[in-house]
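Engineer: Just the structure for this:
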Amino acid sequence: MFAVIALAAVSCKNDIEIKEVSSPSQFVAPVIGKCSNVIVNATNSDTESVIFTWKAADFGQPLQIQYSVYLQSGSESTLLGTSFSNSFSITKGDLNGAVINGLGVLPNETATMKAYVSASMNGTDQFDPINSELSNSFTVTTFMAALKWYHLCGEFNSWTIGEAPIFWETSGGTNQYTCMVDFTISGGNGDATRSYFKVTAEQNWSADNWGYNFLTPSWDCPEQADSNLSMPLDEGNIFQVTVNTSVMTIDKRNIGKYIGLIGDFNSWGGDAIFTYNSLESAWLTEPLELAAGQGIKIRANGGWDLNWGTTGVASAAVSGGFELATGADNISVPESGTYIVKLHANRTPFVLELVKQ
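Structural biologist: Model (predicted):
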C-alpha cells in the first residue's frame, strides 16, 4: 500500500507542467500610444482627465503585469501612477501637480515632454522592468491652482481630530504639502519610543484619512491594525513632514529637539524657545521685549547648521508677516514693544509674524 501511494505521488509530480517565462532577451516591451497636447486650467482641472494607452508587454507566459507611467522632460522624469490594464487615466489637476512638482515646470508655463511606460511582473522583482520607447513629443500647459490643505492628527495632540493642525500645499497645483511639527506625545510620556499619527483630509474622522496603508513612508513604520504612521522619537521630537499626493508618499526630515529665537534682544545667546501650538498650527514664544531695529533670527537646536532669516519679501498669506528662507538675513524688528513671535511652519515659505501685545 505504501509503495503504491509513493508511486502515485511521484507520477503526479512528474505530470506537472512547469511554465517558465521567456529569457529576458525575448521579452517584448510595451508600446505607448500617441500623446496629445494638454492645457490645464481652473475649469477643467477636476472635471477632465488625460488617458495614456499602450500595447501590452509580453514576458512569454500569461501573468499579471504592472505598468508604471512616466513623464520625461529633458533630464527629469516623474511617475504619474500605475495600472494593471493597458491604460492609465489621470485628472488634469493631478497631471498639473506632477508636472510642476516632479518636472520643475512653473505654473502658467508650457513645457514639451514625452511619456513612457515601464512593465514589470507583479509579485516578483527577479527580472528588471522593461520600458517602452519614448512617446511623441507633446506639450503640457500648467496653471496656478488655488492652495489646498490637509491636517495631521496623532498622539502629539491627543488624537483631538476637531483641533487637528492644518498644513498647506507648497504651491498651488503641486500636490505636495509640508509642515514642521513637534511630535512630542501629549501628556509627556517619556517612555514612548514612537509618536503615532495620521494625515486627514478634514477635522473629522468621517472624511478621508491616510496611514501607511495609503501613504508610503520613506522610513520604517511598525505595522499596526489601524495603519498609523509613526515618528521615531529617539531621532528627535521635531520633524518636517512632506506629503506628495501625486505618488502617495510621505517623507520626514529630522529637525531636532527645539526651535529658538535669537538676536540683539538676548545678545545672540540663550535662545528664547518656541512652543508648538497644534491648535494654532504654529510655533510661539513667550512675550518678549524687542526694540526697533534689533536683528533676530530663528534657529534649530541652539546652533547655526539650520537657521531661518528674512527674504525681504512681505508675506501675502499672513498679514504683517515676513517670508523666511534658510540661512537668510536677519529680520529687523519694525518698532519697539512687547511681542509674541509666531512661526508659521505649516506653509511654504515659512513665515515669521510679530504679534504685538
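Engineer: okay, now the domains of this protein?
Structural biologist: Residue ranges for the domains of the chain, per automatic domain parsing: 28-141, 149-256, 259-356.
Engineer: Throw those domains into TSV and include mean pLDDT and mean neighbour count, thanks.
Structural biologist: Backbone N, C-alpha and C define where each C-beta goes, glycine included. Shown next, in TSV, are these (pLDDT from 0 to 100; neighbours: other C-beta atoms under 10 Å):
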stretch	mean pLDDT	mean neighbour count
domain 28-141	94	17
domain 149-256	93	17
domain 259-356	97	17
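Engineer: In terms of secondary structure, what does the biggest strand by length in the chain contact?
Structural biologist: Secondary structure of the chain per DSSP state E: the longest strand is strand 110-121. Judged by 3 or more C-beta pairs under 8 Å, 6 or more residues apart in numbering; DSSP states H and E, strand 110-121 is in contact with strand 31-32, strand 49-55, strand 65-73, helix 92-103, strand 130-131, strand 138-141.
Engineer: so who does the residue nearest in space to the middle of the chain touch?
Structural biologist: Nearest residue to the geometric centre of the chain (C-alpha atoms, centre = their mean): V243, 2.2 Å. Going by C-beta atoms under 8 Å, 6 or more residues apart in numbering, V243 touches Y150, Q176, Y177, T178, V199, L215, T249, I250.
Engineer: Pull up the gap between the last one and N101, please.
Structural biologist: The reference is to I250. 14 Å (C-beta to C-beta, to the nearest Å).
Engineer: same question, the fourth one
Structural biologist: Between T178 and N101 the distance is 11 Å, computed by C-beta to C-beta.
Engineer: what touches both of these two?
Structural biologist: Joint contacts of T178 and N101 (C-beta under 8 Å, 6+ apart) are T170.
Engineer: residues contacting V28?
Structural biologist: Counted by C-beta under 8 Å, 6+ apart, V28 has contacts A57, D58, I130.
Engineer: Just send the residues you listed back as CSV, with distance to V40 too.
Structural biologist: Formatted as CSV, these follow (distance: C-beta to C-beta, whole Å):
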residue, distance to V40
A57, 30
D58, 34
I130, 31
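Engineer: Closest to S315 out of these?
Structural biologist: The closest of the contacts of V28 to S315 turns out to be I130 (C-beta to C-beta; 48.7 Å).
Engineer: Which strand residues bridge that closest one?
Structural biologist: A119 (DSSP bridges).
Engineer: What of the one 10 residues further on?
Structural biologist: Applying DSSP bridges to V140 yields these beta-bridge partners: V38, A111.
Engineer: what's the distance between it and Q224?
Structural biologist: Counting by C-beta to C-beta, the gap from V140 to Q224 is 39 Å.
Engineer: same check, this time on D305
Structural biologist: Taking C-beta to C-beta as the measure, D305 falls 34 Å from Q224.
Engineer: repeat for A201
Structural biologist: Counting by C-beta to C-beta, the gap from A201 to Q224 is 20 Å.
Engineer: And L306, by the same measure?
Structural biologist: 31 Å.
Engineer: And L354, by the same measure?
Structural biologist: 42 Å.
Engineer: Same question for V243.
Structural biologist: Counting by C-beta to C-beta - V243 and Q224 are separated by 19 Å.
Engineer: One more: G74?
Structural biologist: Taken as C-beta to C-beta, the span from G74 to Q224 is 42 Å.
Engineer: And M180, by the same measure?
Structural biologist: Using C-beta to C-beta, one obtains 25 Å as the distance from M180 to Q224.
Engineer: contacting residues around A146?
Structural biologist: Neighbour list for A146: A42, G172 [criterion: C-beta under 8 Å, 6+ apart].
Engineer: how about it, secondary structure?
Structural biologist: The three-state label given to A146 by DSSP: H, G, I helix; E, B strand; the rest coil is coil.
Engineer: what's the span of stretch 253-268 from first residue to last?
Structural biologist: 26 Å (C-alpha to C-alpha, to the nearest Å).
Engineer: now stretch 308-320
Structural biologist: Taking C-alpha to C-alpha, stretch 308-320 runs 17 Å from one end to the other.
Engineer: and if you look at stretch 130-144?
Structural biologist: 35 Å.
Engineer: how far out from the middle of the chain is it?
Structural biologist: Taking C-alpha atoms, centre = their mean, to the nearest Å, one finds the center of stretch 130-144 at 23 Å from the center of the full chain.
Engineer: same check, this time on stretch 87-99
Structural biologist: 16 Å.
Engineer: Now do the helices for the stretch 251-357 of the chain: every range, in order, please.
Structural biologist: Using DSSP state H, counting those that start in this stretch, no helices are found in the stretch 251-357 of the chain.
Engineer: can you give me the strands for it?
Structural biologist: If DSSP state E, counting those that start in this stretch is used as the criterion, the strands of the stretch 251-357 of the chain fall at 259-263, 272-273, 275-277, 282-284, 288-290, 295-300, 307-314, 322-326, 331-332, 337-344, 351-356.
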